[in-house]
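In: curious how this folds, go ahead:
(one chain, ligands or ions: 1)
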Amino acid sequence: EITKEQRALIKAILDAYNRHQIPQDVTKKLLQEQYSAEENFLLLTEVATSQVQVLVEFTKNIPGFLSLDREDQIALLKGSAVEAMFLRSAQVLSEKKPSGYTEVLEERIRKSGMSEEFMTPMFNFYKSIGELHMTQEEQALLTTITILTPDRPYVKSHEAVERLQETMLDVLRKLCVLQHPQEPQYFARLLGRLTELRTLHHYHVEMLTSWKTNDHKFTPLLCEIWDVQ
Ligand SMILES: CC(C)c1onc(-c2c(Cl)cccc2Cl)c1COc1ccc(-c2ccc3c(C(=O)O)c[nH]c3c2)cc1
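Out: The predicted structure is shown next:
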């Protein structure tokens, strides 16, 4: 019962999701450099900055996004960047790579100088995403839905964003029924992850403050998107 238009929408979003990836030289560095809290923090900052750039390009390819009010486009990106990065890093960490990349990334996150209290909820989230075994389409659509969340700070045309998000939610719901026929609750479980993302988003604000107080530097792009400094 997925319409032709909805198939085209899934294809457009999946192509954009696969087309924009972090450059190899950035991820390769993560495998080569030394281990130390300082080095880990620097590498994660580099990867996060690169991921934000990837996210901006992906978002521009979401059908309908560029016809939103320009200031709302910025508000949606700023409001969703952390959540989209939790989603993306969760998906990367749940794919075992032969290069041992996943383990290295996890190790560097665990040893990047963030306070222990954020580790448990963060790694519980990573585990819960891994257990879902999302398809590429589901990952791309869930990221799109996170970006098109109408109630971010400073969004003016709430309805316009809501209409776009509802279009994506409808497609994801149908896709879940098709791709997980044995799990009628699967769509609801995916939406439950969005709620968990909001909680992590709140933790993240404190994470940044704890890093800031230990005089950790972020890049201009991260300062801009996260309103730090
Ligand atoms: C500024 C730094 C210290 C920071 O602050 N909070 C967080 C942070 C943390 Cl520590 C956890 C979750 C979210 C955030 Cl923002 C971070 C690090 O954030 C990231 C962001 C994104 C990746 C990430 C994405 C994609 C890929 C990928 C692929 O696509 O092929 C291959 N390797 C990837 C790595 C990792 C870490």
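In: interface residues of the protein facing the ligand?
Out: Taking Cβ under 6 Å from any ligand atom, the part of the chain that reaches the ligand is made up of 21-22, 27, 41, 44-45, 47-48, 51, 82, 85-86, 88-89, 92, 105, 109, 112, 218, 222. Glycine gets a C-beta too; all of them are placed from N, C-alpha and C.
In: for stretch 63-77, buried residues please.
Out: Neighbour-count burial for stretch 63-77 flags 63, 65, 68, 72-73, 75-77 (criterion: 16 or more other Cβ atoms under 10 Å).
In: same thing with stretch 23-33?
Out: Going by 16+ other Cβ under 10 Å, stretch 23-33 has these buried residues: 26-27, 30.
In: my read is that residue 172 contacts residue 138, right?
Out: Yes - between residue 172 and residue 138 there is a contact under Cβ atoms under 8 Å: 6.9 Å.
In: identify the contacts common to those two.
Out: Overlap of the contact sets of residue 172 and residue 138 (by Cβ atoms under 8 Å, 6 or more residues apart in numbering) consists of residue 190.
In: so who does residue 135 touch?
Out: With Cβ under 8 Å, 6+ apart, residue 135 has these contacts: residue 179.
In: how close does it sit to residue 175?
Out: 8 Å (Cβ to Cβ, to the nearest Å).
In: need the contact list for the residue nearest to the spatial centre of the chain.
Out: Nearest residue to the geometric centre of the chain (Cα atoms, centre = their mean): residue 84, 1.8 Å. Neighbouring residues of residue 84 by Cβ under 8 Å, 6+ apart: 55, 143, 146-147.
In: now residue 40
Out: Going by Cβ under 8 Å, 6+ apart, residue 40 touches 107-109, 111-113.
In: same question, residue 152
Out: Neighbouring residues of residue 152 by Cβ under 8 Å, 6+ apart: 75-76, 78-80.
In: how many neighbours does the closest residue to it other than its chain neighbours have?
Out: Once flanking residues are discounted, residue 152 sits nearest to residue 79: 2.9 Å by Cβ to Cβ, 6 or more residues apart in numbering. Here the number of neighbours of residue 79 (other Cβ atoms under 10 Å) works out to 20.
In: report pLDDT for residue 79.
Out: Predicted confidence (pLDDT) for residue 79: 97.
In: start the count at 658, not 1, going forward
Out: That works, and once the first residue is 658, the last one we named lands at residue 736.
In: for it, give its distance to the ligand.
Out: Residue 736 is 13 Å from the ligand, where distance means Cβ to the nearest ligand atom, to the nearest Å.
In: tell me which element that residue is part of?
Out: helix 727-751 (DSSP states H and E).
In: now swap in residue 675 and tell me
Out: Per DSSP H and E: residue 675 is located in helix 661-676.
In: circling back: farthest pair within the contacts of residue 741?
Out: Greatest spatial distance among those (Cβ to Cβ): 712 and 803, at 10.3 Å.
In: these two - which one has more neighbours?
Out: When residue 712 and residue 803 are compared for neighbours, residue 803 comes out ahead with 24 against 20, by other Cβ under 10 Å.
In: the longest helix along the chain: which residues count as buried?
Out: If you go by DSSP state H, the chain has its longest helix at helix 843-870. Neighbour-count burial for helix 843-870 flags 843-844, 847, 850, 853-854, 857-858, 860-861, 864-865, 868 (criterion: 16+ other Cβ under 10 Å).
In: since that was my last question, I'll sign off now.
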